[in-house]
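K.L.:
can't give you the sequence, but here's the structure:
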């Protein structure tokens, strides 16, 4: 198979993890990295043995040495950076949240489809062996019809609070930063919510420092979700059906998570899951590499319609709580 050449736009913490895991993808080559800070991109390139380090994104998206670009900037910048890539014919894997609102996501999807350029939201959880094991058990009716999902994600923000966490111009707030994980889990398993109840604590800027959500679905199933910058939470998920439940422990969204299964009154039992070295980003990178080798413009697993539904749901939650961004 032909090698797929990767570029990375933004050289922050998550880009470092992705670059390290890209080494585990057989047909992927990291050829170019770019940051607005030349020294930062050069240091990044040195660590990962990248041939080209750039100090502007325009040079990256016009490079003839890149097939696909991983957008690793804060989500407040995703719309502009993804559109820059798409308009220059570069396939894109963009970190979550894909954008700040549904309007932006709709324009990104429209551009991807019109130009026939690959676009996928980097929801790595969906590609992890743990998540695949959970969906296999649910499809096999192991726990019966899902009636309730409970999931949380919270950590106490450092002082002083980083600007990206509270600035509405950067898409700040717990919901888009980490609450997106519990919401993703619920709608990926249950579909579009029929109704939403939500309440929050707000930063002085107006975005959420802590938020609680209850989603009800047409089936009658409920999802009780929360995210917080005010406190450490277990970061666990429980998917409860009529026959038993599946638990995801030790950071449910992460490659480190452990799957447990309890049926009836049985004690929870650990479920064996395939493990690999690395942070866990290699699974989504491997999938995108394979999609591009097949000349696909959309993932059959993390579909663009999935990203549209996710952002529409986040918009609905924000509307209930009165969270607004300038991009709205």
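P.N.:
On my side now, so go ahead. Computed from a prediction, not measured in an experiment: that's the story for all the values here.
K.L.:
please make it C-alpha for all contacts and neighbour counts, starting now.
P.N.:
Fine.
K.L.:
which intervals of this protein have sub-threshold pLDDT?
P.N.:
1 (pLDDT under 70).
K.L.:
mind listing the helices for it?
P.N.:
Along the chain, counting by DSSP state H, helices occupy 13-22, 38-48, 57-61, 78-87, 102-115, 129-139, 163-166, 174, 180-190, 282-293, 304-321.
K.L.:
could you list the residues in contact with the second one?
P.N.:
Taking CA atoms under 8 Å, 6 or more residues apart in numbering as the criterion, the residues outside helix 38-48 that touch it are 11, 16, 19, 20, 33, 34, 35, 51, 52, 53, 54, 55.
K.L.:
need the max-distance pair from those.
P.N.:
Between any two of these, the greatest separation by CA to CA is 20.8 Å, found for 20 and 55.
K.L.:
span of stretch 152-171 from start to end?
P.N.:
Its first and final residues considered, stretch 152-171 spans 20 Å by CA to CA, to the nearest Å.
K.L.:
same thing with stretch 160-179?
P.N.:
Across stretch 160-179, first to last residue, CA to CA, it's 21 Å.
K.L.:
next: stretch 182-199.
P.N.:
One end of stretch 182-199 to the other measures 15 Å (CA to CA).
K.L.:
about what we covered before: so which of the contacts of helix 38-48 are in strands?
P.N.:
Among these, the members falling in strands (DSSP state E) are 33, 34, 52, 53, 54.
K.L.:
got a winner among those residues for most neighbours?
P.N.:
Compared across the ones in strands among the contacts of helix 38-48, residue 33 has the highest neighbour count, 31 neighbours, by other CA atoms under 10 Å.
K.L.:
right, and that residue touches residue 15 too?
P.N.:
No: assessed by CA atoms under 8 Å, residue 33 is found out of contact with residue 15, at 9.7 Å.
K.L.:
residue 179: what's it in contact with?
P.N.:
Under the criterion of CA under 8 Å, 6+ apart, the neighbours of residue 179 are 152, 153, 226, 227, 228.
K.L.:
change it to 6 Å
P.N.:
Going by CA atoms under 6 Å, 6 or more residues apart in numbering, residue 179 touches residue 227.
K.L.:
gap between it and residue 4?
P.N.:
In terms of CA to CA, residue 179 sits 32 Å off from residue 4.
K.L.:
now swap in residue 149 and tell me
P.N.:
Going from residue 149 to residue 4 by CA to CA gives 38 Å.
K.L.:
again with residue 229
P.N.:
From residue 229 across to residue 4, the span is 38 Å (CA to CA).
K.L.:
the two: which has the busier surroundings?
P.N.:
Applying other CA under 10 Å to residue 229 and residue 4 shows that residue 229 carries more neighbours, namely 24 against 21.
K.L.:
can I assume that one is in contact with residue 208?
P.N.:
No: contact criterion CA atoms under 6 Å: residue 229 and residue 208 do not qualify, at 8.6 Å.
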